[in-house]
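Engineer: Build me a model:
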Amino acid sequence: MDTLQGMRIFTRVVDTGSFTAAASALDLSTAQVSRVVSELEGHLQARLLHRTTRRLALTEAGERYLERCRRILDSVAEAEAEASGAHLKPSGRLRVHSFTGLGTEHLAPLAALYAQRYPDVTLDFTLSQNKPDLIEEGYDVAITMDRQLPDSELVAQRLGSTYSVVCAAPDYLAQRGTPHHPRDLEQHTCLRLLDPSFPEEWVFATESGDVAITPQMVFQINVGEALANTAKAGLGLCLLPSFIAAPSLREGSLVRVLPEYRLRERSVYALYPSRRFLDAKIKAWVDILKEELPKRLAQDDDVVTVRSYWAI
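Structural biologist: Presented below is the predicted three-dimensional model:
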């Protein structure tokens, strides 16, 4: 049998947690993956995995073998990278995932910059509201937002921070009045962004402590730009990430309310599988993010800081 391929398949089964997920990631059938692992166990004369209908678990021998496999596969990858020059010149296909709003406002222009600098790389850029599984879904880099460092074995490169602000159209505030305290929002029509990183409770940070409210929602949608457009039409107040709010605040179609209350910040991270033997195309993309994204987020902060309702 091909022992090296057996090691790769066995390791992927462990990483993904099932034969089916490993088969999908490797573009093989589940039966092929199962057969290779069985042949590997036969070759070693040792059981590597306990199999049940619900889950897989490593045996003691499997744990020791997995550790050796990872070392061997890392060494092989390093040798292949040195031979192919993958760590020297960006080339091939780069798969990137980002949340929709951040990707639309900031990452798409940076992707254009990347494409100009590295024409030998094909960019595969996915925007969605869901956090992907990098290993299982095959992404090279994911840009995510979290209040604390993501708990995973992935490398997390912090790129800056962002926060959300309460916005409304000037006409809406002229008709309904301007809230001066978060509790006043309970008397207003509120619009909600359906985002896995946005809880239903709005928590405002103040010098005397947090103020948490759960406003009554009359409208909710899962795309930030659409929510901004709904607020601009005068339907109600909304909570928007600073990078989505900034363009509308800049043009004056929305204004910020409750400017003295700041919602909890979230850090922006680039996540990628490993720092070792980092492919040049991944390193080049992360370098552009580190170079450009903090400046763009700072510009958003400048806009939302001054574009409040009392300032116009």
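Engineer: Do a quick rundown of the strands in the stretch 51-200 of the chain.
Structural biologist: Using DSSP state E, counting those that start in this stretch, the strands found in the stretch 51-200 of the chain span residues 56-58, 92-99, 121-128, 141-146, 155-162, 164-168, 190-193.
Engineer: Tell me which of the ones you listed sits nearest to Pro247.
Structural biologist: strand 164-168 (11.4 Å; CB to CB). Glycine gets a C-beta too; all of them are placed from N, C-alpha and C.
Engineer: Neighbouring strands - and their directions - for that closest one?
Structural biologist: strand 237-241 (antiparallel), strand 255-257 (antiparallel) (DSSP bridges).
Engineer: and the ones you listed, which is most packed in?
Structural biologist: Of the strands paired with strand 164-168, the one with the most neighbours on average (mean count of other CB atoms under 10 Å) is strand 237-241, at a mean of 25.
Engineer: What's the first helix or strand after that one?
Structural biologist: helix 242-251 (DSSP states H and E).
Engineer: Can you give the distance of that next one from its chain's centre?
Structural biologist: A distance of 21 Å separates the centroid of the chain from that of helix 242-251, by CA atoms, centre = their mean, to the nearest Å.
Engineer: swap in stretch 164-179?
Structural biologist: For stretch 164-179, the distance to the chain centre is 30 Å (CA atoms, centre = their mean).
Engineer: circling back: check the strands of the stretch 51-200 of the chain for me and report the most buried one.
Structural biologist: With a mean of 27, the top stretch among these by mean neighbour count (mean count of other CB under 10 Å) is strand 164-168.
Engineer: Alpha carbons only: can I get that strand in CSV?
Structural biologist: The C-alpha trace of strand 164-168 is given here as CSV (Å, rounded to 0.1, in the frame of the first residue of the first chain):
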residue,chain,number,x,y,z
SER,A,164,-20.9,49.1,16.5
VAL,A,165,-22.8,52.3,16.6
VAL,A,166,-26.5,53.3,16.8
CYS,A,167,-27.6,55.1,13.6
ALA,A,168,-30.8,56.6,12.2
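Engineer: now the angle from it to helix 242-251?
Structural biologist: Calculated by axes from the mean of the first three to the mean of the last three CA atoms, to 10 degrees, strand 164-168 forms an angle of 40 degrees with helix 242-251.
Engineer: Now strand 164-168: average pLDDT?
Structural biologist: Across strand 164-168, pLDDT averages out at 92.
Engineer: which residues sit against it?
Structural biologist: 179, 185, 198, 228, 231, 236-242, 245, 248-249, 254-259, 261, 263, 304, 309 (CB atoms under 8 Å, 6 or more residues apart in numbering).
Engineer: how about a cut-off of 7 Å?
Structural biologist: 231, 237-242, 245, 254-258, 263, 304 (CB atoms under 7 Å, 6 or more residues apart in numbering).
Engineer: ends of stretch 121-135, how far apart?
Structural biologist: Start-to-end span of stretch 121-135 (CA to CA, to the nearest Å) is 20 Å.
Engineer: Check the average confidence over that stretch, would you?
Structural biologist: 86.
Engineer: Below-threshold pLDDT in the stretch 1-150 of the chain: ranges please.
Structural biologist: Within the stretch 1-150 of the chain, the stretches with pLDDT under 70 are 82-87, 150.
Engineer: nearest spatial neighbour of the most centrally placed residue in the chain, skipping sequence neighbours?
Structural biologist: In the chain, the C-alpha nearest the mean C-alpha coordinate belongs to Thr144, at 2.5 Å (CA atoms, centre = their mean). Of all residues not flanking Thr144 in the chain, Tyr269 sits nearest, at 5.5 Å (CB to CB, 6 or more residues apart in numbering).
Engineer: I'd assumed that neighbour was in a strand, is it?
Structural biologist: Yes: applying DSSP: H, G, I helix; E, B strand; the rest coil, one finds Tyr269 inside a strand.
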